[in-house]
Structures are given as structure tokens and as C-alpha cells.
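**Student:** Quick one, what's the 3D model for this:
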Amino acid sequence: MSDIGTDAKRTPKRRLLVRARNLRTPASETRCDEARDSATGPQIIVRDLHKSYRKARIEIPVLRGVDLCVEAGEFVSIIGSSGSGKSTLLHLLGMLDAPDQGEILFAGKRVDSLSTRQRDRMRNREIGLIFQFYHLLPELTVLENVLMPRMIGSSIWSYPLRRREYRERATHLLEKVGLGHRMNHKPRELSGGEMQRTAIARSLMVSPKLLLADEPTGNLDARNGTDIMRILRELNQTEKLTILMVTHDTEIAAQADSTIRLVEGRVHKSRNGS
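**Tutor:** Numbering: from 1, shown residues only. Down below sits the predicted model:
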């Protein structure tokens, strides 16, 4: 920082701001201690996260002490070889599973110790999820699939009262991802890119604070993959949506603000994606 101070008199303010941004610490190296329990600190804090699974009598360690910080509005990619723990980490952050050891804080609140019901409620209200295989319900239309988070999160009394509002939002989201003409189609009538765009619209239905994407381009050709990344990048930039994305593609990962590499269940290194 001393170089910036020395150059301050002769460096335009705009250049100073650009240089300061370039000095930002990558996500997993951000110091969290000063605001570790504050809602004004990093949006996600992970400390010493461990997770193992059992196969018959054999215990298979997947995460072996992950530490991580993600700032609000950051776009972070997570890369690593198969079995390195990428998807497991994302599932824990999405509260689809609980760790064996360690802590996960979301907006200053510890969430790993919540009950299953509390995790389900918080996930439905705060987190959007996108999966490689879409997970659309085949018997529902595109519009109904996008409405599903609101159907699940509402009571049988409240949903009918707000149905029109929810349909308007679902329609707006589908138009935003270029599927306004496909709302009444079933998933079997869609291409892979269209199914993934439907999944993105569904993930945004509850106006989440965090979007978790597990290999969102993994099943797509290059053109559709580029379209999906454009949508994610726009969401991040225009709506300041925090995004964590698992990918095996280093070119896709490089489009994020920063990249975290997992090796054998540990954060091996981080680097700026720029």
C-alpha cells in the first residue's frame, strides 16, 4: 500500500481505485477474524470444514479442513479434480448436508448447526441452486417448474393469495433468460441450454442472496455454455448477486472474480480470475 501512497499526488483518482482493486486478496485468503460474527463482514465464512462418507465399513474423507471467505457480491469459481470435494463443499454451503466438523457462517449467522427444518427454510429463502443435470420436474411446465420454490415455501393459504404476483415474477425471470416463448412447454421439449436457463430462472424465484452453481455448463456445448456464463455474469454485475460456481473447466473458471482450487479436500491455492 506504500506505493499507492507515494504515487497519490501524480496518479489520477480513477487509476488509484483500479490499482487498489487489483490488490484485493483472493477469496480463501481474506482475513475474516476482525468481523467473523458480524453481519457486515464477509457473506460466507468457512472454518476448518471436514466431511467424510462411509462405504460399507470404510470411511472416505472428502473435505479435510477447508477455510474460506467470500465477500458479498463476489463471483467465485471452485475447481479441482474429480473427488477433490468441490460438489461436497457446495452442498454443505447450500445446507443440503451438514459437516462432520467445522463451522459455516452466512451473513454473520452460524448455519451448520441448524436443524434440518431450519436449514430447509433458510435455503428456500436465501439460496438459489443450479445443478449440472437441471433437476426439472418432467410433468410440470417450464413456468410451473420456476414457480416451484414459491409453492414449496408458501402455506396452502398464502400461496393462492399471492399466486398472481408469483406468476408475474416467474414470467419476468423466464423472459430475462430468453424463455418467454417456452413457458408452457415441458422439459422434454427443451434443449439442454433451455433446461439450464429454466433452472437459473427457478433459482432466482425467491430473490436469493447467494447462488450456488454445480457444473452449470457441464452438460452443454460451447455456445450454450457461453450463454449460461453470460447470464451468470450479468446477474453478478447488475444485481450484485454472490455466486459460487463449481467447474472442471479452467476457461470457465477464469471468468469469475477469483478461483479456489481444491486438492484432496483442502484449499490448495487461490488466484484472481482477472
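**Student:** Distance check, the residue nearest the centre of the chain against residue 141.
**Tutor:** For the chain, residue 212 is the residue whose C-alpha lies nearest the centre (CA atoms, centre = their mean; 2.2 Å). Relative to residue 141, residue 212 is positioned 25 Å away (CB to CB, to the nearest Å). For glycine as for every other residue, the C-beta is placed from the backbone atoms N, C-alpha and C.
**Student:** Could you grab the helix/strand/coil label for the residue nearest to the centre of the chain?
**Tutor:** strand (DSSP: H, G, I helix; E, B strand; the rest coil).
**Student:** does it have beta-bridge partners, and which?
**Tutor:** Following DSSP bridges, residue 212 is listed with bridge partners residue 129, residue 244.
**Student:** Contact partners for it?
**Tutor:** 90, 93, 94, 127, 128, 129, 130, 243, 244, 245 (CB atoms under 8 Å, 6 or more residues apart in numbering).
**Student:** all strands for the stretch 1-150 of the chain, in order.
**Tutor:** Counting by DSSP state E, counting those that start in this stretch, the segments of the stretch 1-150 of the chain that form strands are 44-55, 58-70, 75-79, 101-106, 109-110, 127-130.
**Student:** Just checking: what are the partner strands of the fifth one?
**Tutor:** When you say that, I think you mean strand 109-110. Assessed with DSSP bridges, strand 109-110 is paired to strand 101-106 (antiparallel).
**Student:** Need the CA coordinates for the strand it pairs with. CSV is fine.
**Tutor:** Provided in CSV are the C-alpha atoms of strand 101-106 (Å, rounded to 0.1, in the frame of the first residue of the first chain):
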residue,chain,number,x,y,z
GLN,A,101,-16.6,-30.8,11.9
GLY,A,102,-16.1,-27.1,11.4
GLU,A,103,-18.3,-24.0,11.1
ILE,A,104,-20.2,-22.3,8.3
LEU,A,105,-21.4,-18.7,8.8
PHE,A,106,-23.8,-17.0,6.4
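**Student:** angle of that strand against strand 58-70?
**Tutor:** With axes from the mean of the first three to the mean of the last three CA atoms, to 10 degrees defining the directions, strand 101-106 sits at 30 degrees from strand 58-70.
**Student:** in which helix or strand would I find residue 175?
**Tutor:** According to DSSP states H and E, residue 175 maps onto helix 158-176.
**Student:** Mind giving me the packing neighbours of that helix?
**Tutor:** Applying 3 or more CB pairs under 8 Å, 6 or more residues apart in numbering; DSSP states H and E, one finds that helix 158-176 contacts helix 142-153, helix 192-203.
**Student:** Can you give me the buried ones in the first one?
**Tutor:** Yep, that's helix 142-153 we're talking about. Within helix 142-153, the residues that qualify as buried are 142, 143, 144, 145, 146, 147, 149, 150, 153, counting by 16 or more other CB atoms under 10 Å.
**Student:** And the fourth one, what's its pLDDT?
**Tutor:** Put plainly, it is residue 145. With respect to pLDDT, residue 145 scores 97.
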